[in-house]
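J.: A structural model of the following input is requested.
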Amino acid sequence: LDWWHADRYCQQRFAQLLLEPQDSEQGSFSKLLQSHHIRGSVWLKERDSVLRKAERRRGHTVPVLVFRDKTDTKYVKVLSEFPALPAVTACAHLQWDSSTQEIATIFSYAVPAFMNEFQLRGCVDEEGFVRFALIVHGHHSPYLPVFRADGQWHHFCVTWQQENGTWAIYADGKRRASASGLCSVGPSAPQAIFGQGTFIIGQDQDSLGGTFRARESFSGNITDLHVWQKVLSTEQIEKVRSCWVLEQDLVFGWSSNALEVESTVQAVTTQLLCPGPVEECRVWEVGSSGFSYASCLQTLPFICHYSKDAYWQLKRAQLESRHSLASCVNSLAVRTVIPDSVFTTGVQDMNLSVALDVLDILATVLREGEVPVLEPSDLLSVLQLLQQVSHMEIQEGDELEMLEQLGQYYMEIAELILEEQNSGTWSSISQVIKGPMAVVELCDRMVSLLVPLLTPERTKITIQHGNIGLHRVTVKNMWFGYGSLQRGLSSSSTGAVPQDAAASARGQKHLSTTVGTAVISSTLLSDYREISTAVRYRLQHRVQVSLGNFRVFSLFLLPVSPDAGGMWSTAGCSVVMSLPDSTACFCNHTTNFAILLQVYEQERTTTEEFTLQTLTFIGCGVSFCALTVTFILFLVVRVPKSERTTVHKNLIFALAAGEALLMLSELAKTNQVLCFMVTAFLHLFFMAAFSWMLVEGLLLWSKVVAVNMSEDRRMKFYYVTGWGLPVLIVGVTLATSFNKYVAANHCWLNVQTNVIWAFVGPVLLILAVNTFVLLRVVMVTVASARRRSKMLTPNSSLENQIGAQIWATAKPVLVLLPVLGLTWVCGVLVHLSIVWAYVFIVLNSFQGLYIFLVYALCNSEVRNAIQRMKDKKKA
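T.: Numbers count the residues shown, from 1 in each chain. This next block holds a predicted model:
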């Protein structure tokens, strides 16, 4: 294929054209290719910089005039009227018939006064070059070589101006010949080319509009001929060569309606792949291991290159696919729209009608939820289809309503594949597609297809679906809502962000970078081509939330490069103004923009980590021993059975089991299965401990407020709450988040995902309920103490009364804090300072010791039971 089609072919299969091999790779690559009998030139892709946007290659469908053989009858007459031309430029695409070396007339313009008023002739020399000569007012330039007679399409332009008779001939974007003095009629200046003449393509006029000779006729193909009444600059000729029509000073534009075609001249329609700004592409000479350049329009072998991980991920997606989306879409379309394998998809050139039907069917299937969650192969197939549509060529005469509807379907499909239920699918193809920024790039291409919708009457277009939309005037703007991309952006797509050195110096460890605003794309268009310019804009922040050890540390303004798989860079951008709700920015280029939030956690020193670990181990050890002794005392000394002692025993057992597992968890880190089991049981026993703390609160409430429930029924409810609720929470969490359950470096729940909320959520609810219970108990205790004080000691001093009130308030707080679990509230404050970490560990690690002191050693029921045992032994 030619370079452009080869590049598209690889992109369509989620690969890339082979990059220029490193010196160390050249030998192995060369052997590999030669083993497949590939020799000669092979296309390569040059290693572009990360932020560079590749130039789009334009397909251009045009009518072509086919002049078979040299005859005196075949001609085409231009029906436009020509004014006097003090300056002129004529350009066209040409395929030269190299089978003859006779002179051929490409076009001739005649007026009554001069048959050879303006004419272009050519011939093939002995070395295989096509030579051109320009004729003005009968004056002839020399035949000079312009391009090879290789049977390929070539673009040419000829220019002439009255001042000094300056002329030039361009071929394939380069000036091949130029001089002055053509048609000097005197010492002053030449005359302008006369107007109201006859313009004939393919023949030399020996009389006005006729008398042709076969040996001077043209043989070959010609298309896209345009004539201007001025001299085009080199930059303008480059634009014309790339199929951009310059309307200013255009005398004749290529159109079938403006031509009178003789019946034996064949007119066909073909698609030209117009050259981009660089006409030569990189090639590798297999065998010689050398690199060179060749015309991008040549057809050469090429190689699509995958990384191993991407290739195997693609293969796995194909093997594991049920093809549910493909079968739905293909059955509705009554043809194969989505193939069974991404590897077999060809480079298809779609027209507007076919693309509209296909996207309509696909949008219907996705919208109606016939495939609730896309499989990896489904998502890849949708992206392939969107890519095909984005490379489509809009033809003259296409209905604009259909084009706008196509844009609506395109944006709707883009939104549907970014929905939350598909976030796991995006992760599973992370090696193939570097996150949803691929959708941004595809939508960016699609926007450019909507140019024909803009008219002097309609100066803007807005298409929106859900979190995705586009808005276009002279500047092409596109935006993606925060949620649509954040759900699928992998850590790899935001990992390449420079981290803040100041944060590291303050002992803060970088955790992750997340998109903090919508992602917008801004491109300036000039003559329908993208140019880069400075841009200033303001982006609204999303709501920022701090939790535990995580906090928003800094704001970065970053342009996105989808070509590089979602790499981020601050190059060329600066913050103009930063407010709590928004940030205003300036960038010296146009691309995709977003504001990222970098999330950091407090990174402690080695000494602090060692101190915290030591305190935890000592505290847990003491606590475990104290809880074990308390539990044994409750069993051995025969404390009278009651609701309170039963609840205490269950709480003590759950806490002791959790503390023991916590001390052993560090030893289990090296064994993945053992670590998973330890995490699950830690989750269960600590959840049970908190559930029994909730039961302690409910039991206290039943003593404060009258409850119409028998003791037997209450205990059944307490057991369901204390053990049933934890089992349910842990079971549901394991069922829904099995692969994301355990943290990377510890045998505990994964705090980087929502799994941690399976513990934190219920704990916060229990702490809130128990706080309310404690406040109610304190109020009742204080009120009761006040009444008792008035009855028993009505004449006591004010100081004694205040002291009694303080003790009445402090006693229930001190007694109930450990069993209600309210010391865990300190955990919310740990991220603020290392001091709170010490306080949290001391209070909770020694929770078991506190329970032993309050509910065993200082418990009158336990002491009385021990005393009864002593008395019995004496007796």
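
J.: residue 155: neighbour count?
T.: Applying other Cβ atoms under 10 Å, we find 24 residues neighbouring residue 155. Using the backbone N, CA and C atoms, a C-beta is placed for each residue, glycine as well.

J.: mind checking what secondary structure it has?
T.: On the three-state scheme (DSSP: H, G, I helix; E, B strand; the rest coil), residue 155 is labelled strand.

J.: for residue 680, see how far away it is.
T.: 70 Å (Cβ to Cβ, to the nearest Å).

J.: residue ranges in the stretch 601-750 of the chain under the pLDDT threshold?
T.: 601-605, 639-640, 704-712 (pLDDT under 70).

J.: all helices of it, in order?
T.: 606-636, 643-664, 672-704, 711-719, 725-736 (DSSP state H, counting those that start in this stretch).

J.: which strand or helix spans residue 27?
T.: Using DSSP states H and E, residue 27 falls within helix 23-35.

J.: repeat for residue 288
T.: Per DSSP H and E, there is no helix or strand for residue 288.

J.: please apply the same query to the one 5 residues further on.
T.: Using DSSP H and E, residue 293 maps to strand 290-295.

J.: and after that strand, which helix or strand comes next?
T.: Downstream of strand 290-295, the first helix or strand assigned by DSSP H and E is strand 304-305.

J.: so the chain: which segments form each domain?
T.: 3-49+278-304, 58-274, 309-486, 519-600, 611-867 (the TED database).

J.: could I get those domains as a markdown table with distance to residue 875?
T.: Below are the domains of the chain laid out as a markdown table (distance: least, Cβ to Cβ, whole Å):
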| stretch | distance to residue 875 |
| --- | --- |
| domain 3-49+278-304 | 88 |
| domain 58-274 | 108 |
| domain 309-486 | 71 |
| domain 519-600 | 58 |
| domain 611-867 | 13 |
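
J.: least confident of these, on average?
T.: Lowest mean pLDDT within the domains of the chain: domain 519-600, a mean of 56.

J.: now find how far off-centre stretch 608-619 is within its chain.
T.: Between the centre of stretch 608-619 and the centre of its chain there are 43 Å (Cα atoms, centre = their mean, to the nearest Å).

J.: stretch 91-107 too?
T.: Counting by Cα atoms, centre = their mean, stretch 91-107 comes out at 49 Å from the chain centroid.

J.: end to end, how far does that stretch reach?
T.: Terminal residues of stretch 91-107 lie 11 Å apart, using Cα to Cα, to the nearest Å.

J.: what is the helix or strand encompassing residue 353 packed up against?
T.: Per DSSP H and E: residue 353 is located in helix 352-367. Applying 3 or more Cβ pairs under 8 Å, 6 or more residues apart in numbering; DSSP states H and E, we find helix 352-367 packed against helix 324-333, helix 376-390, helix 400-417.

J.: what angle sits between that helix and helix 324-333?
T.: Our comparison of helix 352-367 with helix 324-333, counting by axes from the mean of the first three to the mean of the last three Cα atoms, to 10 degrees, yields an angle of 130 degrees.

J.: quick one: contacts of helix 352-367?
T.: Contacting residues not belonging to helix 352-367 are listed as 325, 328-329, 332-333, 337, 350, 371, 382, 385, 388-389, 392, 394-395, 398-399, 402-403, 405-406, 409-410, 412-413, 416-417 [Cβ atoms under 8 Å, 6 or more residues apart in numbering].

J.: are any of those residues buried, and which?
T.: Buried members of these, counted by 16 or more other Cβ atoms under 10 Å: 325, 328-329, 332-333, 337, 350, 371, 382, 385, 388-389, 392, 394, 403, 405-406, 409-410, 412-413, 416-417.

J.: which of the domains of the chain sits closest to residue 874?
T.: Within the domains of the chain, the stretch nearest residue 874 is domain 611-867; the backing value is 10.7 Å (Cβ to Cβ).

J.: quick one: that closest one to chain centroid distance?
T.: 46 Å.

J.: and stretch 170-183, which residues are buried?
T.: Of the residues in stretch 170-183, 170-173, 176-177, 182-183 count as buried by neighbour count, 16+ other Cβ under 10 Å.

J.: how about stretch 858-868?
T.: By neighbour count on 16+ other Cβ under 10 Å, the buried set for stretch 858-868 is 859, 861-862, 865-866.

J.: pick the one among those residues closest to residue 63.
T.: Using Cβ to Cβ, the buried residues of stretch 858-868 come closest to residue 63 at residue 859, 101.4 Å.

J.: and of the helices of the stretch 601-750 of the chain, who's closest to residue 445?
T.: Comparing these under Cβ to Cβ, the one sitting nearest is helix 725-736, at 37.7 Å.

J.: who does the helix or strand just after the closest one touch, helix- and strand-wise?
T.: Next in sequence after helix 725-736, counting helices and strands by DSSP H and E, comes helix 757-792. Helix 757-792 is packed against helix 672-704, helix 725-736, helix 798-820, with contacts defined by 3+ Cβ pairs under 8 Å, 6+ apart.
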